[in-house]
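>>> quick one, what's the 3D model for this:
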Amino acid sequence: MSRQPGPSDPQRRQTLRQLALLPGLLALAQPARAGGQIEEPLADSVRTALSSAIANSAPPVPIFASTAARLAYLRWLSAMSDRLYKRMPDLDRRVDFLQTVWYESRRAGLETSLVLGLIQVESGFRKYAVSVVGARGYMQIMPFWTRVIGDGDPGKLFHMQTNLRFGCVILRHYLDRERGDMFMALGRYNGSRGKPQYPNAVFAAQRPWEYVDHAPPPALSATPAPEPPTSSAAPTSSAPMAASPPTSRAASHPIPASAIPPARKGHSVSGAVTNAIKPASP
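As a prediction, the model looks like this:
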């Protein structure tokens, strides 16, 4: 004898559907990893130096001392844009993000690939990520930092450049406190000083963002200069044409010329701004 549907069957089916969707919902709601810097007392000189480094509002548009330096930067930007495409499909957002990471990391005297690896571990490149302990944004900055060295507004930590600047300056501060030991500095950044899991995760995530510029130096021709012309005819150059640099894999998502930042705007990033930060006693 077949069982007749009871009045509770629709409710049971709805419950089963919700249970089937639960794993996906949990994945979407997964909090950002790590991001648990611990508030520590700072010497007045350190607080002042950190506040000054944060307050400088220079826009992250680099200038270059030479055309070769600018072309090297553009090659890096194109390579990183290709690698970041799946995580940031929007071109304008991707270029703006990479340019800012490049600027802020160099400004703080940090390896750009390390900062990208840290962002990958901390937030998975999510601008509005929030950790279980309340850290915010790309580099998972704890809100207390805005009170210690900022204007006290934690909402600004969701602003891209503000978040990246705080993160780079704070990591540089920890690196100075640990006397150049990045393993220990990353532990401080994560609130797990001395434990290997977090630093090892960042170092592993750094590797895909490392970049080696394979462009060869300008070729020097060994061909002697041509003899001066003996007639009124226009001279013909005998110098060979410079060979085109070898290309590796072409970028899958090339950056159009309109998205490339101008060469002579913004501020130079020569030197590390945090040189003025005096390491506080551990």
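
>>> quick one: the helices in this protein?
Ranges of helices within the chain are 9-28, 44-55, 67-84, 91-107, 112-123, 144-149, 160-177, 182-190, 197-206, based on DSSP state H.

>>> could you tell me the least trusted of those?
Of all the helices of the chain, helix 9-28 carries the lowest average pLDDT, namely a mean of 47.

>>> in contact with I170, which residues?
37, 50, 141, 145, 189 (C-beta atoms under 8 Å, 6 or more residues apart in numbering). For every residue, glycine as well, the C-beta is placed using N, CA and C.

>>> mind checking how far it is from Y85?
29 Å (C-beta to C-beta, to the nearest Å).

>>> before we move on, back to that, pull the most distant pair out of the contacts of I170.
By the measure C-beta to C-beta, L50 and Y189 form the most distant pair in the contacts of I170, at 14.2 Å.

>>> more neighbours: those two, which one.
Y189 (28 against 23; other C-beta atoms under 10 Å).

>>> just checking, that one touches H173?
No - Y189 lies out of contact with H173 (C-beta atoms under 8 Å); the separation is 9.6 Å.

>>> what is the burial count for the closest residue to Y198 other than its chain neighbours?
Nearest residue to Y198 in three dimensions, chain neighbours excluded: N190, at 4.1 Å (C-beta to C-beta, 6 or more residues apart in numbering). Per other C-beta under 10 Å, the neighbour tally for N190 reads 26.

>>> same deal with the one 10 residues further on?
Residue crowding around N200 was assessed by other C-beta under 10 Å; the count is 12.

>>> ok, L74 next?
16.

>>> check which residues of stretch 185-202 are buried.
Within stretch 185-202, the residues scored as buried using 16 or more other C-beta atoms under 10 Å are 185-193, 198-199, 201-202.

>>> closest to F158 out of those?
Y189 (19.0 Å).

>>> tell me who's in contact with that closest one.
Contacts of Y189 (C-beta under 8 Å, 6+ apart): 37, 118, 170-171, 174, 198.

>>> what is the nearest of those to F97?
Nearest to F97 among the contacts of Y189, with distances taken as C-beta to C-beta, is L118, at 14.0 Å.

>>> was I right about the closest one contacting V202?
Yes - taking C-beta under 8 Å as the definition, L118 is a contact partner of V202 at 5.1 Å.

>>> find the residues that touch each one of these two.
Joint contacts of L118 and V202 (C-beta under 8 Å, 6+ apart) are L186.

>>> right, and G191 touches G36 too?
Yes - between G191 and G36 there is a contact under C-beta under 8 Å: 3.4 Å.

>>> picking that back up, mind checking which of the helices of the chain is nearest S131?
It is, among the helices of the chain and with distance given as C-beta to C-beta, helix 112-123, at 8.1 Å.

>>> other SSEs contacting the closest one?
helix 91-107, helix 160-177, helix 182-190, helix 197-206 (3 or more C-beta pairs under 8 Å, 6 or more residues apart in numbering; DSSP states H and E).

>>> for the helices of the chain, give me JSON lines that also has distance to A215.
Below are the helices of the chain laid out as JSON lines (distance: least, C-beta to C-beta, whole Å):
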{"stretch": "helix 9-28", "distance to A215": "41"}
{"stretch": "helix 44-55", "distance to A215": "33"}
{"stretch": "helix 67-84", "distance to A215": "6"}
{"stretch": "helix 91-107", "distance to A215": "17"}
{"stretch": "helix 112-123", "distance to A215": "18"}
{"stretch": "helix 144-149", "distance to A215": "39"}
{"stretch": "helix 160-177", "distance to A215": "27"}
{"stretch": "helix 182-190", "distance to A215": "28"}
{"stretch": "helix 197-206", "distance to A215": "22"}
